[in-house]
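>>> return atomic coordinates for the entry below.
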Amino acid sequence: MELFVGNSVEVRSLSGAVKFAGEMINCDPKNGIVTVATEQGNRNASLYETTSRDG
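Model (predicted):
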């Protein structure tokens, strides 16, 4: 996960809708939480593994 810190990311709901986007600035893999810097400030998101919708 540390490889993705500094990259642009989209945070999506389980339905697939984009909730917010920004730059990943921190990752806590033990607790499954990432911090994303957005225009509205820093936001935390929980990571969930889902199956691909693309097949």
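>>> going forward, measure contacts and count neighbours with C-alpha atoms only.
Fine.
>>> who touches the worst-scoring helix or strand of the chain on mean pLDDT?
Lowest on mean pLDDT, DSSP states H and E among the helices and strands of the chain sits strand 8-12, with a mean of 93. The contact list for strand 8-12, computed with CA atoms under 8 Å, 6 or more residues apart in numbering, reads 18, 19, 20, 21, 22, 23, 24, 36, 45.
>>> so how far is residue 29 from residue 48?
Noted for residue 48: a distance of 11 Å to residue 29, by CA to CA, to the nearest Å.
>>> which of those two has more neighbours?
residue 29 (12 against 9; other CA atoms under 10 Å).
>>> mind listing what's buried along the least confident helix or strand of the chain?
By neighbour count with 16 or more other CA atoms under 10 Å, strand 8-12 contains the buried residues residue 11.
>>> run me through the strand neighbours of it, direction for each.
strand 18-28 (antiparallel) (DSSP bridges).
>>> wait, residue 35 sits on residue 20?
No: judged on CA atoms under 8 Å, residue 35 makes no contact with residue 20 at a distance of 11.6 Å.
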